[in-house]
Structures are given as structure tokens and as C-alpha cells.
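Q: Need a 3D model of the sequence below.
(one chain, ligands or ions: 2)
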Amino acid sequence: MGPQRGELLRMELGIATFEDLLYHFPYRYFDRTQMTKIGDIGPHSEFVQIGGTLINVGEEGDGRKKRLIATLYDESGRIELIWFQNINWIRKSLVEGSRYVVFGKVANFNGYYNISHPEIEALNSETNIPGMQPVYSTTEKLRIRGITNRSFAKLTQALFEKIRQHDIPELLPAELLGRYRLCNRYQAMLWLHYPDTELHAEMARHRMKWEELFVSQLLIARLRLQHTVQPGWRFDTVGPHFNDFFNKYLPFQLTDAQKRVLREIRQDTATGKQMNRLLQGDVGSGKTIVALMSMLLAMDNGFQACIMAPTEILATQHYNGISGLLEEMGIPIKLLTGNVKGKERKAILAGLADGSLPFVAGTHALIEDTVVFQNLGLAVIDEQHRFGVGQRAKLWKKNELPPHVLVMTATPIPRTLAMTMYGDLDVSVIDELPPGRQEIKTVHRRDSSRAQVMQFMKAEIEKGRQAYIVYPLIEESEKLDLESLMAGYEQVKMWFAEDKYKIAMVHGRMEPALKERNMKRFVSGEAQILVATTVIEVGVNVPNATVMLLESAERFGLSQMHQLRGRVGRGGEQSYCILMTGSKVSDESLKRINIMVSTTDGFKIAEEDLAMRGPGDMYGTRQSGEMKFRLADIVQDSGILEETRVAAQQLLAEDPRLAAPQYQGIRYLLGQQKEQSHWGKIS
Ligand code: ADP
Ligand code: MG
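A: Ligands and ions are numbered 1, 2, ... in the order given. You can find the predicted model right below:
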């Protein structure tokens, strides 16, 4: 390839070497044995591959409605092909009267079938060779410059003619290949690009997925091994602060689950090794008190502790909650966020540096370089997934030994995901809600019954309760968000007369001071209704609130709805979650809503969410490259994941440093993966 096209390929797809090209796997194959006859296309047809002669290429409409239309026919029938975009260059590439293979999704238009934006490729002697032909992804820029699927196929064909088996050496030890029935690496690469049969393609995919997942599990297992030898502060006393709090100031009895988790934390921190523990507990399960008591434990052993939250509101809430509980004990805690400035900030930084301030709650502001602790012994991190995973590391730098780390999350993490994301952490689960909680009743209501819904809310407020009304974020436009929120707010005011009801409003674009003031009006009970965007999603605690009304619920994600629902049902009263939608709701949205109505089990919801959305989406890790797999999908391939986890652990148990010569290939893979994903920085 010439230097210019080569550069374009590098820019567009990151392909600069033969190896990169090898890893540019086809996402599909043309299988010449799997052609559909055009005449057989019917209402049941979805994606089809057809072959025929192209005629009647022409444009219709004009301006924005302009489209390119062509007809493809074979001996059984004809079908229309349509393009709405890139009309000019597609038109140039089509030759009337020539034969093509076409792949695409069939649409039914008044009984006439068509395929819009099909993949189309000239049917020539090359495409006629038997077996399965690779279909490679390319980009628009590349296509415009003539680098099409066909060009890729030529490149990979040329490559496989050049290279021999020893050019793609096996990297996994023979023993693993045998035990897990994996084909060799050269074979897998060849079959991924040029399988003879679907079975071969599947065997090749399986082998490469296995390798990917195995490497990720090795990295995690190694990290975990490092943790277990990483020295940490020894908390060997349970002293007066912990005991005093437990005996005199604890406002309720701990649940058994809370006690168990505290025991686990005490055991961890007494070993002289660093604790890296993930505390999972559904919303409202009472994680805060566990955090506080762990902080008291740190203090009893002469250490400082911090609690870090992803948002100002949450940090403030932790600060308020904890300072309230500590008030009578006379233990100081301060709040450090980006908004704390000037003198106050200076005083906090000084207190942390000289050790006179034992506790601090805060946001990202806590990991800024100017924040130096005298002896940080424990870092509690709330709602981890909102932080870039790498940020956990930042607190470490400030000490001679790293602090113990307690990561708390209310997002139940499905097992497969936990294995890839948090596999290096020990996990504690609070699987029990504080006593007296009642299941939140969840219903789906359409706009047509809005009057009844509002009536119901009024009745709840009459009883002295409070209510949330939440509007979705419309990602594309913050401005639109605000508009829909404002319109909603006006509507709410029409239902709830201002002389009788107090309504507070918060949204992401509000001045922090105002947001906080409004939030406080609701938290204090002065306002009965809080109109908000999803800024209140995580962690806000108003036990007196019993109604959560989600407007345009079809726009919310599952986990998000679950989090929001968790804002109610935090006191002893029966609580309600009302999912409002318009009359038309897509099947997918309806599925989400039905899941919400049918269960309050956070784990079930998280599993469904993962299945519906995929992990990257849920945890914002796809872009940050924390678990980028070329082929593997941790939901669909959870079986392979399990297998590789066991294999990784066994291997490390035998040879923790992977020093044996037969592990040279694995060491190479690990080095590559680490470069790509900065795994070393994760915790
Ligand atoms: P989350 O796990 O969602 O952070 P919180 O720590 O905010 O939950 O606790 C939710 C509510 O439950 C708070 O009002 C808290 O005071 C209360 N709570 C926590 N533990 C108990 C308990 N053992 N008994 C009664 N109430 C509790
Ligand atoms: Mg919380």
C-alpha cells in the first residue's frame, strides 16, 4: 500500500503493521452457500444475502429527500435497493447490468420489499471462490478513498500468502491448548479471516476470545496477588471512638449484614496488609454507617480517614450525615469540594497536613495535589463507577503506605462484570435492608391518568409525606433538558397551588449554591415536592419521601430507574414509584418498565441492564479502555470467562511470576494488554 493510503489506514483504524491487520477481524462472512433467492423474501425475512443483476440505477427526490434507487433481480424476483447518504460516490461505484452480492436488512414498504444502505459488492471470479469470504468493517473516509471491504480482503489474502505458521507463533502453552481444546494461534488467525465453514470460524473465535479473557483474568489475578502482599497499616485496636459510638450514639441496631461487613473490615485492616474491599449494598441498605464506623476504627488507631463521593451533593450529604452523627462525640469532620475556597480551604488543608483534622468528606477535590494528609489510613470511595477507575490510585501517593480502601457501590454488579472490573477486590455484600422497610410499590401510568396520579400525590402529601418528580436527561441537549424541566415545573405548579404546597427545584445547570439551598429546603421538609433532573440520582437521603414520580420514564435506563426508586422507601412508610409515559412506548422501553414493575431486586435489574445495554455503556469503561475486548463479550461469553478465571488462578498458583520458559508467550500478551489498558493503575 502506498504511503498516503497507509497513513489513512493508520489514522482511521489504527492499522500500521501486519499484526494490526491480522487483528482487524472480519465481523461477518459472505457464505456462498447461504444465498437467499430474492423471490423467497417475505414478511419473516430480516437480514438476507442475495445475488443478482443490478438495473435501473437512478436518483429520486431532491434536496434533503434525495435518494439513490436501484433494482437487483435474479431468476426468482426483484427487489429495490435504496441509499439516502453518500449518493454520489455510491452511484459512481455501481455498474448497471453487472452482477452483485448484496447483504442487508429487509424492510417491507406497503407489500414491496426493499433494502436500504445494503452492503454491496461486485460478484466476480474472486467472490465466486467457494468457502466463506470475510466482510471487514471500514470507514466512510476509507471507502471514499477506495479502501473497501474488497481492498481489505486483498490485503489479508496477500498477507496469508506471505506468512507461514511460524510467523504467528503459539503464545499459550500446549498444555492449556490441550486441556481447553483450543486451536492453535495461526489456525485461529487464518480461520478468523478465511474459514472453510462456520464451524471453523466458531472455533477460531472461541480460541481468540479465550485468549483475550484469559489475559484479562491473569492481570486481575496478579493485581490481586499484589494486593495480598502489599503492606498496609495495621489497625490492631478497636478503641474508644468506635466503642463509644457503638454503645452510646448509634441511632439504631445494626443489621446482621452490617455487622458482618464491619467484622470483615476489621479483619482485613488488622492483617498488616492493605485492604482493598468493595462494599456492595443495594440503595438504602445502610452503607454510610459502615463507612463511618470504619473511619472511627482508623481514628482509634491514630489515622486519618476520608470519604470521597462523585458529586458535590453527595459529598455534602455524607458530610452532613456524618457530622450529625459525630456532633455529640466532638469529633471534627470537614467538607472539601471545589467550591471550598480561600481561608476555609487553607484551614482544611493545614488540618489535614498536620493531622489535627481526623476526617474529611469531599469530591475529586480530595485527590488534587495540594491535598496532603499527615497519615491517611482509610479512604472510603462512594459510588466508584462514577470515578475513573484509575483515580483510586491517586490517594495512594500521599503516604508511605497506601491507605486501606473501601469502595462502596449501590449498583449491584453482576457477577461476570465484577470478575472483570473488580476482580482484584475482596467483596462484601450488605444483602439485608434495615428492618421495617416495606417493598416499594411500582406502577406504570400513562399520561391519560395524570389527574389520578396527581390526586394520589396530594393525598400522600396530606399525610405529611414528600414527593420527588424527576425529568430525564435528554443527552443531546442540556438546553432541551432545562426546557422540559421548566415546562414540567410549570405544570407541577398548576396541579399544586403555591399557597398550599412548597415546591423546590434542582438541576445540573443551577448555581451550586442555589442548588444546595433548594435541596436543603426539601431535605429539611420545608418543601414537599422536589422537581429535579437526574442530579439526585445517587445517594440523596430523605426518609420522609414516599413518592418517586418519573416523568417520561421510557427515557430512563434500568439502573437509573432503580437508583431513583431507591430515593423513596427509606423510612418506615409504604412508598411508591410511579413510571409515567406517553401512550406510545417502544417495546424496549416497555420491557424496562415491566422489569421495574415486577421486581425491586437490584441484582436482577443489573443483570437485565447488562444484557440489554452491554457493560461499557453501564459503567463508562468502554471509552476509557479498561476492558476492551476485540471479540469477547463478557455477558455472552460468561462461560469462557469462568473457565479462564480458573485457569488464570491455577497458573499463578503454580508459577506466580510466570517465569517458566513455556510462559514466555503469555508474558508477551500481558505486556501488550497492559500497555493498552493501563491495568496497572487501576487500584
Ligand atoms: P445507602 O446504603 O443507600 O447509602 P444509607 O447509608 O444512606 O444507605 O442508609 C439509608 C437509611 O437507612 C438511612 O436513613 C440510615 O440512617 C438508615 N439505616 C441504616 N442502617 C440502619 C439500621 N441498621 N437500622 C435502621 N436504619 C438504618
Ligand atoms: Mg449512600
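Q: Where is the longest strand in this structure?
A: strand 47-60 (DSSP state E).
Q: Please tell me how far the nearest residue to Gly6 once chain neighbours are set aside sits from Phe152.
A: In space, not counting the residues next to it along the chain, Gly6 is nearest to Ala16; the distance is 7.7 Å by Cβ to Cβ, 6 or more residues apart in numbering. In this view, the C-beta of every residue, glycine as well, is placed from N, C-alpha and C. Ala16 sits at a distance of 15 Å from Phe152 (criterion: Cβ to Cβ, to the nearest Å).
Q: Compare these two and say which is more crowded by neighbours.
A: Looking at Ala16 and Phe152 with other Cβ atoms under 10 Å, you find the greater number of neighbours at Phe152, namely 23 against 13.
Q: Near ligand 1, which residues of the stretch 301-450 of the chain are found?
A: Taking Cβ under 6 Å from any ligand atom as the criterion, the stretch 301-450 of the chain approaches ligand 1 at residues 410, 434.
Q: Quick check: which ranges of the stretch 301-450 of the chain have low pLDDT?
A: Scanning the stretch 301-450 of the chain for pLDDT under 70 picks out 384-399, 412, 414-416, 420-422.
Q: Where do the helices of it begin and end?
A: Counting by DSSP state H, counting those that start in this stretch, the stretch 301-450 of the chain has helices at residues 312-326, 342-354, 415-421, 450-462.
Q: quick one, phi/psi of the residue in the stretch 401-550 of the chain positioned nearest to ligand 1?
A: Here the residue of the stretch 401-550 of the chain nearest ligand 1 is Pro434; by Cβ to the nearest ligand atom that distance is 3.3 Å. In this entry, Pro434 is assigned phi and psi values of phi -50, psi 150 (degrees, to the nearest 10).
Q: ok, it to Phe242 distance?
A: When Cβ to Cβ is the yardstick, Pro434 and Phe242 sit 20 Å from each other.
Q: more neighbours, the two?
A: Per other Cβ under 10 Å, whichever of Pro434 and Phe242 has more neighbours is Phe242, with 23 against 18.
Q: Identify the residue nearest that one in space, chain neighbours excluded?
A: With Cβ to Cβ, 6+ apart as the criterion, Phe242 has its nearest non-adjacent residue at 4.5 Å, and that residue is Leu296.
Q: Just confirm that neighbour is within a strand.
A: No. Read with DSSP: H, G, I helix; E, B strand; the rest coil, Leu296 is helix and lies in no strand.
Q: In the protein, what residue comes closest to ligand 1?
A: For the chain and ligand 1, the shortest gap (Cβ to the nearest ligand atom) falls at Gly286, measuring 2.8 Å.
Q: mind listing what that residue touches?
A: Residues counted as contacts of Gly286 (Cβ atoms under 8 Å, 6 or more residues apart in numbering) are 254-255, 258, 430, 433-434.
Q: Let me see the backbone angles for the residue nearest to Gly6.
A: With angles defined as degrees, to the nearest 10, Ala16 sits at phi -130, psi -20.
Q: which ones are touching it?
A: If you count contacts by Cβ under 8 Å, 6+ apart, then Ala16 has 6, 9-10 around it.
Q: Need the per-residue pLDDT for it.
A: As predicted, Ala16 sits at a pLDDT of 93.
Q: ok, it to Met1 distance?
A: Here Ala16 is placed at a distance of 11 Å from Met1 (Cβ to Cβ).
Q: anything in contact with each of these two?
A: With the criterion set as Cβ under 8 Å, 6+ apart, the overlap between the contacts of Ala16 and Met1 is Leu9.
Q: The residue nearest to Phe242 against Thr237, yeah?
A: No. Counting by Cβ atoms under 8 Å, no contact exists between Leu296 and Thr237, whose distance comes to 11.5 Å.
Q: More neighbours: which of the two?
A: More neighbours surround Leu296 than the other of Leu296 and Thr237, with 27 against 12 (other Cβ under 10 Å).
Q: Next, the contact list for the more buried one, please.
A: 241-242, 245, 331.
Q: Over to Glu119?
A: Applying Cβ under 8 Å, 6+ apart, we find Glu119 in contact with 102-104, 135, 149.
Q: do Gly51 as well
A: The contact partners of Gly51, taken as Cβ under 8 Å, 6+ apart, are 35, 74, 99-102, 123.
Q: if we go to 7 Å?
A: For Gly51, the contacting residues are 35, 74, 99-101, 123, by Cβ atoms under 7 Å, 6 or more residues apart in numbering.
Q: show me which of these neighbour ligand 1.
A: Filtered for proximity to ligand 1 (Cβ under 6 Å from any ligand atom), the contacts of Gly51 leave an empty set.
Q: Okay, strands next: where are they in the stretch 251-400 of the chain?
A: With DSSP state E, counting those that start in this stretch as the definition, the stretch 251-400 of the chain shows strands at residue ranges 276-281, 304-308, 333-336, 359-362, 376-382.
Q: Just the C-alphas of the longest strand of the chain, formatted as CSV.
A: What follows is strand 47-60, C-alpha atoms only, in CSV (Å, rounded to 0.1, in the frame of the first residue of the first chain):
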residue,chain,number,x,y,z
PHE,A,47,-31.0,-9.9,7.2
VAL,A,48,-30.6,-11.5,3.8
GLN,A,49,-27.8,-12.1,1.4
ILE,A,50,-28.8,-12.1,-2.2
GLY,A,51,-27.1,-12.1,-5.6
GLY,A,52,-28.3,-10.8,-8.9
THR,A,53,-28.0,-8.3,-11.7
LEU,A,54,-28.3,-4.6,-11.0
ILE,A,55,-30.5,-2.4,-13.2
ASN,A,56,-32.5,0.9,-13.1
VAL,A,57,-29.9,2.9,-11.1
GLY,A,58,-31.3,6.4,-10.6
GLU,A,59,-32.0,9.2,-8.2
GLU,A,60,-35.3,10.3,-6.9
